[in-house]
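**Q** only geometry, no sequence info:
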């Protein structure tokens, strides 16, 4: 549904006429401004200011091509075209129901002064919370087949007082790294989103939106505070990007706010994506789900067949009964299909996505789940052998549809650069998880799944760039270090990890982080480095329209008090508000249940205790609520009594202020039940 509030288009002159420089445009509130110009050699650059102060110094634009001379100099600027839009659109599911999309746009043509007179357009969209820009290659005889060796796009910051939070790019473990916190001058090769905090409190996130049939953008620091786009390599034998004009690149984005909370509440990435192309997705229902999963990470069960096989009919029935009893919508089952024996990590060629192991009675379990009001959630681990998966994908989705499955978790476990992808020549090539061929593969999965009313939750995925707006059956994904790192026999996620994720990875979109662990002792040296109260708070803090209830069934059944919050917490939201926060330190988020009157609050901290005052002005005025509070006990700590929790309740209104006491590595979860 699209509610149009106001829209107007203002066009001036022809884009092919050279004009005096620079061309300028400002955000609707006037605080952010962009101008584009060329130097004496015809090299184009753009600059950004905020509140009248430089944010980006002149930053280059252009391309190095592998089949033609570069587009980088000898260019002139055409007469700019301006337009603006103000609309509100409705998400079918999301962290808020309605999203305002208000921007001022400037389109500028860059044309070569000499033959062959090639042309590209640069389109800037300025919002009150940031901006996006992209290149558009029009149809032209002088440039038809475009092979991009590199983008010359830069983000040349005008100030040297920024702290950066980032993870490395081009490393073996894809996106699953802990965040570095360094001065901007010490950033190396980084993935996006990368988040910056300047001395005056201004926060900036660099990312991209609408990554379609293109290579994912990383950043490399060239010198000082100048960052340059560094596209993910193409599959073997291919340029980083190969396209036929006309086409456009993804949006290069700068989300800008006065504080960290403003970044978390921005809808910039979503707004830069196209509206829903698929149609009705009402068959997907946001839900919580249990699963045959955590016990494998603890090495109590195995994905492979044998005496400890997890995906048995008996074990799945146990989880279906648990889900039905507690009102959860689904049960994920990993290890159900043939192919997990042997070196599945190495190539994925042995996986069948239609043949179950003999001890997994698929039809019986699907029927039993349906009788209990629960649906099975499919699992397709590919070992990043996308080519092998595509050869069976349609048959696999047909089977899922037959079994009443409406959500599938896909997996692409493999070392970076080791994905097996169908190239543009139709042959199988090695490539990267965020290369152009991978971008094409993921959209093929999503669109084929939609034909069978199936939603996709991708793990080890291509990065999130807001495509859930255009393809709303792409419901969630991983794309960062998840909870499973705290199960293995290696250091797990430290207490600051989730407070980093909120202001970095989660700025891109939903994450299937799998919170809700009560068994704090695992194979990891520090176990799960949180308190129970923090585990509950993560259901609110880390947004996903599907939230797992991952721990062992017996751990929940033995602790009905704190488990009640997991049963009560919503997963689909009318509104979300970040009430406070600092990157890597703490954050508090409140969300109102969609289709209901209750609000939920989650607050978490790093390894340091916190005392936070939170006004309840977000609650509906004139209404009373029962605050059902799940807080750290007085002796709680991630290094000590992690299970220490206090459950209590008080009557509150929007005029009240709560004092939240968070233990080291702790948190607080609250349900505000409307009276």
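**A** Received, thanks. Not measured: the values here are computed from a predicted model. Numbering: from 1, shown residues only.
**Q** wait, residue 577 sits on residue 618?
**A** Yes. Between residue 577 and residue 618 a contact is recorded at 5.3 Å, counting by Cβ atoms under 8 Å. For every residue, glycine as well, the C-beta is placed using N, CA and C.
**Q** between these two, what contacts are shared?
**A** The contact sets of residue 577 and residue 618 overlap at residue 590 (Cβ atoms under 8 Å, 6 or more residues apart in numbering).
**Q** Using neighbour counts, pick out the buried residues of stretch 451-465.
**A** 452-465 (16 or more other Cβ atoms under 10 Å).
**Q** Equivalent analysis for stretch 524-542, please.
**A** 524, 526-542.
**Q** what's the answer for stretch 299-316, then?
**A** Under the neighbour-count criterion of 16+ other Cβ under 10 Å, stretch 299-316 has 301, 302, 303, 304, 305, 309, 310, 311, 312, 313, 315, 316 buried.
**Q** can you check stretch 640-651 too?
**A** Going by neighbour count (16+ other Cβ under 10 Å), the buried part of stretch 640-651 is 641, 642, 644, 645, 646.
**Q** Would you point out the most distant pair within those residues?
**A** 642 and 646 (13.8 Å; Cβ to Cβ).
**Q** Output the buried residues of stretch 451-465 as CSV; include the columns secondary structure, distance to residue 273 and pLDDT.
**A** What follows is the buried residues of stretch 451-465, written out as CSV (DSSP: H, G, I helix; E, B strand; the rest coil; distance: Cβ to Cβ, whole Å; pLDDT from 0 to 100):
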residue, secondary structure, distance to residue 273, pLDDT
452, coil, 23, 98
453, coil, 22, 98
454, coil, 21, 98
455, strand, 17, 98
456, strand, 16, 98
457, strand, 19, 98
458, strand, 17, 98
459, strand, 22, 98
460, coil, 22, 98
461, coil, 16, 98
462, coil, 15, 98
463, coil, 13, 98
464, coil, 11, 98
465, coil, 8, 98
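**Q** which of these lies closest to residue 328?
**A** Looking across the buried residues of stretch 451-465 and measuring by Cβ to Cβ, the closest to residue 328 is residue 457, at 15.3 Å.
**Q** pretty sure the closest one is touching residue 411, no?
**A** No. With contacts counted by Cβ under 8 Å, residue 457 stays clear of residue 411, the gap being 9.8 Å.
**Q** mind showing which ranges of this structure have poor pLDDT?
**A** The model of the chain has pLDDT under 70 over residues 1-20.
**Q** Show me where it has its helices.
**A** In the chain, the helices defined using DSSP state H lie at 260-264, 268-271, 294-297, 313-326, 344-347, 362-371, 386-402, 436-451, 497-501, 532-541, 553-557, 560-568.
**Q** neighbouring contacts of the last one?
**A** What it means is helix 560-568. Residues contacting helix 560-568 (Cβ under 8 Å, 6+ apart): 288, 326-327, 516, 518, 532-533, 536, 539, 549, 556-557, 628, 630, 645, 647, 669, 671.
**Q** now swap in the second one and tell me
**A** Contacting residues not belonging to helix 268-271 are listed as 99, 101, 103, 127, 129-130, 132, 207, 209, 253, 255, 465-466, 468-469, 507-509 [Cβ under 8 Å, 6+ apart].
**Q** Just the buried subset of these, please.
**A** 99, 101, 103, 127, 129-130, 132, 207, 209, 253, 255, 465-466, 468-469, 507-509.
**Q** Residue 198: neighbour count?
**A** Neighbours of residue 198 under the rule other Cβ atoms under 10 Å: 16.
**Q** nearest spatial neighbour of it, skipping sequence neighbours?
**A** residue 162 (5.0 Å; Cβ to Cβ, 6 or more residues apart in numbering).
**Q** so who does the one you found touch?
**A** Contacts for residue 162 (Cβ under 8 Å, 6+ apart) come out as 183, 184, 196, 197, 198, 199, 204, 225.
**Q** Kindly report the same for residue 131.
**A** Counted by Cβ under 8 Å, 6+ apart, residue 131 has contacts 27, 32, 34, 48, 124, 125, 253, 254, 256.
**Q** on that earlier part again, now the buried residues of stretch 640-651 as a markdown table including distance to residue 487?
**A** Converted to a markdown table, these look like this (distance: Cβ to Cβ, whole Å):
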| residue | distance to residue 487 |
| --- | --- |
| 641 | 21 |
| 642 | 15 |
| 644 | 22 |
| 645 | 21 |
| 646 | 27 |
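**Q** nearest to residue 404, of those residues?
**A** Looking across these and measuring by Cβ to Cβ, the closest to residue 404 is residue 645, at 37.2 Å.
**Q** Might one say that that closest one is in contact with residue 533?
**A** Yes. Counting by Cβ under 8 Å, residue 645 touches residue 533, with 5.3 Å between them.
**Q** No further questions, thank you.
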